[in-house]
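> everything below, folded, please.
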Amino acid sequence: IRRLIMTRLLEEALRDERLGMDTPVSFDQTLRTESDSSHINLGRWMDRGPTMILATTPFANIIEIMRETGVRYLLVVTDGALVGIIKKKDCLEHIEYHERLQRRAQEETANMPSPLPPPPPRQ
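Residues are numbered from 1 along each chain as shown. The predicted model follows:
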C-alpha cells in the first residue's frame, strides 16, 4: 500500500467520531466485520503479489526491478523462505556510500605526489 494512500485513508477514518488512535486496522480483504464494528480495513489497497528476488540477485538487477516496477520494497527469499527485505532507501544509501568512496579515492589519487623521476642512465 502506498504511503500517500494509507495516510489519506487514515486521516479520513480519524475524522469519523467512532474511530480513534486505538482503532484496530486490518489488511485482509476476506475479513468481514459486523456493520456496527469500528475498524479500518486497508485490504483492498494492499499489493497481493509482492515482488520477490533471490538472495543471489545482483545489485544491478535489483535497481532495474525497482526502476521498472516502481516498488519500494523487495522480498528476499532463499529456498522459498523469506530471509530479508530490501528497501529502496537502502539501495539509494548503498549507491551514495559507494559514490562517496569513489570520490574520496579520486581525490586521494589527485593529491598524491608524482612518482620520482627515473634515475639517470649509467655512463
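
> make it CA atoms for all contacts and neighbour counts henceforth
Will do.

> grab the nearest non-local neighbour of the most centrally placed residue in the chain.
Centroid-nearest residue in the chain, with CA atoms, centre = their mean: Lys87, separated by 1.7 Å. Ranked by CA to CA, 6 or more residues apart in numbering and with sequence neighbours excluded, the top spatial neighbour of Lys87 is Tyr73, at 4.5 Å.

> tell me how many other residues surround that neighbour.
Residue crowding around Tyr73 was assessed by other CA atoms under 10 Å; the count is 16.

> just to revisit the earlier point, and the residue nearest to the centre of the chain, how far from Gly70?
Distance of Lys87 to Gly70, computed by CA to CA, to the nearest Å: 12 Å.

> still on that earlier bit, thought the residue nearest to the centre of the chain was touching Val76?
No - between Lys87 and Val76 there is no contact under CA atoms under 8 Å: 10.5 Å.

> all helices of the protein, in order?
Secondary structure of the chain, counting by DSSP state H: helices at 3-15, 59-69, 88-110.

> right, and these - which one's nearest Leu82?
Nearest to Leu82 among the helices of the chain is helix 59-69; the distance by CA to CA comes to 16.3 Å.

> can you name the residues in contact with that closest one?
71-72, 88, 91 (CA atoms under 8 Å, 6 or more residues apart in numbering).

> please redo it, this time with the cut-off set to 6 Å
With contact meaning CA atoms under 6 Å, 6 or more residues apart in numbering, helix 59-69 is reached by no other residue.

> hmm, back to that, now the helices of the chain in a markdown table, with mean pLDDT, distance to Pro117 and mean neighbour count?
Converted to a markdown table, the helices of the chain look like this (pLDDT from 0 to 100; distance: least, CA to CA, whole Å; neighbours: other CA atoms under 10 Å):
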| stretch | mean pLDDT | distance to Pro117 | mean neighbour count |
| --- | --- | --- | --- |
| helix 3-15 | 76 | 61 | 12 |
| helix 59-69 | 93 | 42 | 12 |
| helix 88-110 | 91 | 18 | 12 |
